[in-house]
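J.: Sequence first, then the predicted structure:
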Amino acid sequence: MAKDDTETGKKKDNDTLLLRALHGRLLSTDFFARNWLKVLLVIVMILVYITNKYQCQTRMEKIRALEQELEIVETERVRVRSEYMSRIRESAMQQLVDTMRLNLQVQERPPFMIPNKTR
């Protein structure tokens, strides 16, 4: 019988705890009056956590955007550098040809292949 009494006692405690929670009496004003500092600290910690998480996400998005922009700028730099280097070589060669008075000029149109019609 002692075993049944303890089981029903635990059940009553659980029932009263559940009923108190459902009726909003689990956390009374006395609880907050006694533990106001702890509750305030928990709320501040939760707000700091949320703020840090938001800042981290926004900074990660900014980093991704900047990395994409960097990749585009690096590609553009390589393209412009190769164009610049080809112009330097071309102008240097043109000066050399001019000093030798060969009367050679740079073609405006690129060369093209003549199709071979041998059948």
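T.: Received, thanks.
J.: so where's this structure uncertain?
T.: Judged against pLDDT under 70, the low-scoring parts of the chain cover residues 1-15, 25-26, 119.
J.: Show me the helices in it, by range?
T.: When assigned using DSSP state H, the helices of the chain occupy the ranges 2-22, 29-34, 36-100.
J.: Adding distance to Arg109 and mean neighbour count, write the ones you listed out as JSON lines.
T.: (C-beta placed from N, C-alpha, C; glycine too.) Putting these into JSON lines (distance: least, C-beta to C-beta, whole Å; neighbours: other C-beta atoms under 10 Å) gives the following:
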{"stretch": "helix 2-22", "distance to Arg109": "86", "mean neighbour count": "10"}
{"stretch": "helix 29-34", "distance to Arg109": "86", "mean neighbour count": "10"}
{"stretch": "helix 36-100", "distance to Arg109": "15", "mean neighbour count": "10"}
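J.: Please dump those into a markdown table; it should also carry distance to Glu108 for every row.
T.: Rendered in a markdown table, the data for the helices of the chain read as follows (distance: least, C-beta to C-beta, whole Å):
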| stretch | distance to Glu108 |
| --- | --- |
| helix 2-22 | 87 |
| helix 29-34 | 86 |
| helix 36-100 | 13 |
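J.: Ile114 is nearest to which of these?
T.: Comparison of the helices of the chain against Ile114 by C-beta to C-beta identifies helix 36-100 as nearest, at 25.2 Å.
J.: Could you work out the end-to-end span of stretch 32-41 for me?
T.: Across its full length, stretch 32-41 reaches 12 Å between end residues, using C-alpha to C-alpha, to the nearest Å.
J.: centre of the chain versus it, how much separation?
T.: 37 Å (C-alpha atoms, centre = their mean, to the nearest Å).
J.: Please apply the same query to stretch 48-64.
T.: Taking C-alpha atoms, centre = their mean, one finds stretch 48-64 lying 9 Å from the centre of the chain it belongs to.
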